[in-house]
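Trainee: sequence plus predicted model, see below.
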Amino acid sequence: MSSRGNIAGNPVLIGAATVLVILVAVFLSYNANQGLPFVPSYKLTAEMPSAANLVRGNEVRIGGTRVGTVDSIGVERRDDGASIALLGLKMERSVDPLPIDSTLLIRPRSALGLKYVEIMRGTSDDGFADGDTIPLANATPDPVEFDEFTNMFDEETRAASQTNLKEFGDALAGRGASINQAIGAFRPLLEDIIPVAQNLASPETNLQRLIVELADAARIVAPAAESQAALFVNLDATFGALREVARPYIQESITEGPATLDAAIESFPVQRPFLANTEGLFRELQPGAASLATTAPSIAGALEVGTPTLRRYPPFNARLASLLDEVATFAEDPLVPRGIRRLTDTAQTLKPTLKYLAPAQLTCNYLSLWFRNVSSLLSEGDNNGTWQRFIIVAAPQGLNNEGGPSSAPANGGGVTENYLHTNPYPNSPGGGRTDECEAGNEPWLKGRQVIGNVPGNQGTKTSGQPGDE
């Protein structure tokens, strides 16, 4: 073979091949962070609260092992006005499928600001398909940036740290001997702590459960931490106020407490009937108290009217003193009780009679009407006096009429009006009789004989009836 057909013998071809190899190597090196070409990948989109100084090509790690790169970084504005970052993750096929309960966190790779995406793989049987979006809820916990950590050391904090370091140094500078004594005293402490530690390490002690329960208790009370802090602040204010009255007031109340309790033990049984009566009184006052809502204006008006009257009571009481003295003298007379007993007997004797007759006056008003009608009988006369007014009343003619003696009650006898009408015991309220005022209100029943009570109830109205005047 001639040298003209051999590539090794042609410098131009050798140089071109070398340049081609270098270009391919540079291309592969440049695209290594985005994955080698023609290699299948597993792509997901992750919603993150912030890109946190990420750049394209940053690593994606699971358990500290690189499994992919950040292929793209975008931003999305939500309906509530907040903006979130959208990270395009290009990962190896070995990761597919990523469990849906996996969490993401952007972490620093070095102090210079280089970042990477850390994925904490979940345990769910369901996974994200290629091209799915990992929701924002999986971006937890919230990352703490290095600058956020350093920002807490502001000027005041730095000055306070310097002061603490200086004061602690001054405190320890002259305490060498005391520190040596303390270290020497640690030996018996360590000897005594061995059995304590053995007891704590024993399975029967179950220290692990205690720690877990304490952690649960701390987790439960964590939401109330601010309220508890405010409680201690308020307690400090309260005890500060109590400190001002601790002596002698609170001290005396404590020292006098036993004697007070003894007196209460003795007096409360005696007070129990009074308290029971008071409870009954207030129970009976409840209806009256409920009606105060409507009667309060009337009571207020009565008090306004009664105030001037009450101012007149002192002079009236002074004038009433002599009368009360006479009443007291009368009450002390030994004959008065005997007279009161006689009045009581009289009232008891009259009680049945009054019970029978009282309705005749209280309901029918017969006594007042009698006096009114008597006065009208004497309405005519002259200068010497009045005469009793009278008219001739003639009984109807006929057999057994009311004009004279008869052998039977009038029953017409050929005369239409000749019928006997008599009611010797008219009905009046009380005594078991019909509840009506029948006397003077009986209707005249024509063409029939009526002896005794008129049929029907005449009511209890005794004034204003026809013919009443």
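Mentor: That came through fine.

Trainee: which residue ranges of this protein form strands?
Mentor: Remark: strands assigned in the chain by DSSP state E are 42-48, 59-62, 65-77, 83-91, 98-99, 103-108, 115-120, 127-128, 133-134, 380-382, 385-387, 421-422, 450-451.

Trainee: which of those strands sits closest to R283?
Mentor: Closest approach to R283 among the strands of the chain (C-beta to C-beta): strand 450-451, 57.8 Å. Just so you know, the C-beta spots here come from the backbone N, C-alpha and C atoms, and that holds for glycine as well.

Trainee: by contact count, what packs against that closest one?
Mentor: Other elements packing on strand 450-451 under the criterion 3 or more C-beta pairs under 8 Å, 6 or more residues apart in numbering; DSSP states H and E are strand 421-422.

Trainee: can I get the strands of the chain in a markdown table with distance to D236, mean neighbour count and mean pLDDT?
Mentor: Formatted as a markdown table, the strands of the chain follow (distance: least, C-beta to C-beta, whole Å; neighbours: other C-beta atoms under 10 Å; pLDDT from 0 to 100):
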| stretch | distance to D236 | mean neighbour count | mean pLDDT |
| --- | --- | --- | --- |
| strand 42-48 | 44 | 20 | 89 |
| strand 59-62 | 50 | 19 | 90 |
| strand 65-77 | 48 | 15 | 89 |
| strand 83-91 | 44 | 18 | 89 |
| strand 98-99 | 50 | 19 | 91 |
| strand 103-108 | 41 | 18 | 87 |
| strand 115-120 | 44 | 20 | 89 |
| strand 127-128 | 54 | 18 | 90 |
| strand 133-134 | 49 | 16 | 90 |
| strand 380-382 | 104 | 9 | 59 |
| strand 385-387 | 102 | 10 | 58 |
| strand 421-422 | 103 | 14 | 86 |
| strand 450-451 | 101 | 13 | 88 |
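
Trainee: format the ones you listed as a markdown table; extra columns: distance to A408.
Mentor: A markdown table is the format used below for those (distance: least, C-beta to C-beta, whole Å):
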| stretch | distance to A408 |
| --- | --- |
| strand 42-48 | 124 |
| strand 59-62 | 136 |
| strand 65-77 | 123 |
| strand 83-91 | 124 |
| strand 98-99 | 126 |
| strand 103-108 | 126 |
| strand 115-120 | 129 |
| strand 127-128 | 127 |
| strand 133-134 | 125 |
| strand 380-382 | 39 |
| strand 385-387 | 38 |
| strand 421-422 | 13 |
| strand 450-451 | 11 |
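
Trainee: wait, which of the ones you listed is closest to A225?
Mentor: Judged by C-beta to C-beta, the one of these that comes nearest to A225 is strand 103-108, at 25.5 Å.

Trainee: partners of that closest one, with directions?
Mentor: strand 115-120 (antiparallel) (DSSP bridges).

Trainee: so the strand it pairs with versus strand 83-91, what angle?
Mentor: Orientation of strand 115-120 against strand 83-91 (axes from the mean of the first three to the mean of the last three C-alpha atoms, to 10 degrees) gives an angle of 80 degrees.

Trainee: tell me how far N457 lies from D435.
Mentor: From N457 over to D435 the distance is 8 Å, taken as C-beta to C-beta, to the nearest Å.

Trainee: so for T353, which of the strands of the chain sits nearest?
Mentor: Distance to T353, taken as C-beta to C-beta, is lowest for strand 421-422 among the strands of the chain, at 25.9 Å.

Trainee: elements contacting that closest one?
Mentor: strand 450-451.

Trainee: and the pLDDT at A241?
Mentor: On pLDDT, A241 comes in at 87.

Trainee: re earlier: out of the strands of the chain, nearest to E204?
Mentor: strand 115-120 (36.4 Å).

Trainee: can I get the CA coordinates of that closest one in CSV?
Mentor: Coordinates of each C-alpha in strand 115-120 appear next as CSV, following Å, rounded to 0.1, in the frame of the first residue of the first chain:
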residue,chain,number,x,y,z
LYS,A,115,-27.3,24.4,45.7
TYR,A,116,-28.8,21.1,44.9
VAL,A,117,-32.3,19.5,45.2
GLU,A,118,-32.6,16.8,47.8
ILE,A,119,-35.5,14.3,47.4
MET,A,120,-36.6,12.3,50.4
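
Trainee: any idea how far S110 lies from F149?
Mentor: Taking C-beta to C-beta as the measure, S110 and F149 are separated by 15 Å.

Trainee: nope, N365 is what I was after
Mentor: The gap separating N365 from F149 is 105 Å, by C-beta to C-beta.

Trainee: which of the two has more residues huddled nearby?
Mentor: Per other C-beta atoms under 10 Å, whichever of N365 and F149 has more neighbours is N365, with 16 against 9.

Trainee: sorry, back to before: among the strands of the chain, which is nearest L354?
Mentor: Of all the strands of the chain, the one in closest proximity to L354, counting by C-beta to C-beta, is strand 421-422 (28.4 Å).

Trainee: which residues does the closest residue to D435 other than its chain neighbours contact?
Mentor: Closest residue in space to D435, ignoring its immediate chain neighbours: P429 at 5.0 Å, by C-beta to C-beta, 6 or more residues apart in numbering. P429 makes contact with P359, A360, T363, C364, D435, E436, C437, T460, according to C-beta atoms under 8 Å, 6 or more residues apart in numbering.

Trainee: let's see which of those end up in helices.
Mentor: P359, A360 (DSSP state H).

Trainee: and the contacts of P429, which is closest to E304?
Mentor: Closest to E304, out of all of the contacts of P429 and judged by C-beta to C-beta, is T363, at 38.5 Å.

Trainee: what's the pLDDT at the closest one?
Mentor: For T363, the model assigns a pLDDT of 82.

Trainee: neighbours of it, just the number please.
Mentor: 17.

Trainee: any idea how far the closest residue to it other than its chain neighbours lies from I250?
Mentor: In this structure, T363 finds its nearest non-sequential neighbour in P429, 4.6 Å apart by C-beta to C-beta, 6+ apart. Per C-beta to C-beta, P429 is found 74 Å from I250.
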